[in-house]
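*Asks:* attaching a predicted model along with its sequence, questions to come.
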Amino acid sequence: MPRTDENGRQLKALLDYLLDGDVEAKTIYDALGISSSTYYRRIKEHNYPDAEELRRVADRFDLSYPDLQIRFGLMSRQEVWHYVESSNLTVATVAEARPTTRRRPKLSELAPRPDAPPL
């Protein structure tokens with residue numbers, strides 16, 4: 001029996017719920033980077049999904065990796081809080097990037113490459 005979330009849902013059912021629609025199995029095994037036969041074998045195993053599979057799914061579907069770990073019982077909320085509080089977190093601001101447009105050179109500004117063979 002595979003892992004389920006706190007409401008008894010398997011990964012596909014949870015994704016259907018979180019993403020508000022039917023997530024196809026192909027989308028999931030593509031996200032996991034495995035073949036369809038491996039996917040259908042894995043979903044029957046007791047350790048499905050593991051932490052790496054949850055990370056890949058979180059990345060593909062833009063979900064919270066720690067939240068998925070908590071939902072599937074791989075980490076507790078207290079463990080996540082303890083980790084966040086114990087690490088030295090720094091916040092960096094990103095300056096707003098200005099769009100840069102590069103002007104194409106004029107024909108008069110062009111010169112042949114010295115290493116290019118003659119035509």
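*Replies:* Nice, thanks for sending it over. Model, not experiment: these values are computed from the prediction. Numbering: from 1, shown residues only.
*Asks:* chain center to stretch 45-54: distance?
*Replies:* Computed by Cα atoms, centre = their mean, to the nearest Å, the chain-centroid distance of stretch 45-54 equals 15 Å.
*Asks:* same question but for stretch 58-65, I mixed them up
*Replies:* 5 Å.
*Asks:* residues in contact with the spatially most central residue of the chain?
*Replies:* By Cα atoms, centre = their mean, the chain has its centre lying nearest to residue 59, at 0.9 Å. By Cβ atoms under 8 Å, 6 or more residues apart in numbering, the contact list for residue 59 reads 31, 65. To be clear about C-beta, it is placed using only N, CA and C from the backbone, and glycine gets the same treatment.
*Asks:* just the element for it, please.
*Replies:* Element membership of residue 59 [criterion: DSSP states H and E] is helix 51-61.
*Asks:* now that helix - C-alpha only, CSV.
*Replies:* Below are the C-alpha coordinates for helix 51-61, written out as CSV (Å, rounded to 0.1, in the frame of the first residue of the first chain):
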residue,chain,number,x,y,z
ALA,A,51,11.2,12.4,-0.7
GLU,A,52,12.9,12.7,-4.1
GLU,A,53,9.7,11.9,-6.0
LEU,A,54,7.9,14.6,-4.0
ARG,A,55,10.7,17.1,-4.8
ARG,A,56,10.3,16.4,-8.5
VAL,A,57,6.6,16.7,-8.4
ALA,A,58,6.8,19.9,-6.4
ASP,A,59,9.2,21.4,-8.9
ARG,A,60,7.1,20.4,-11.9
PHE,A,61,3.8,21.5,-10.6
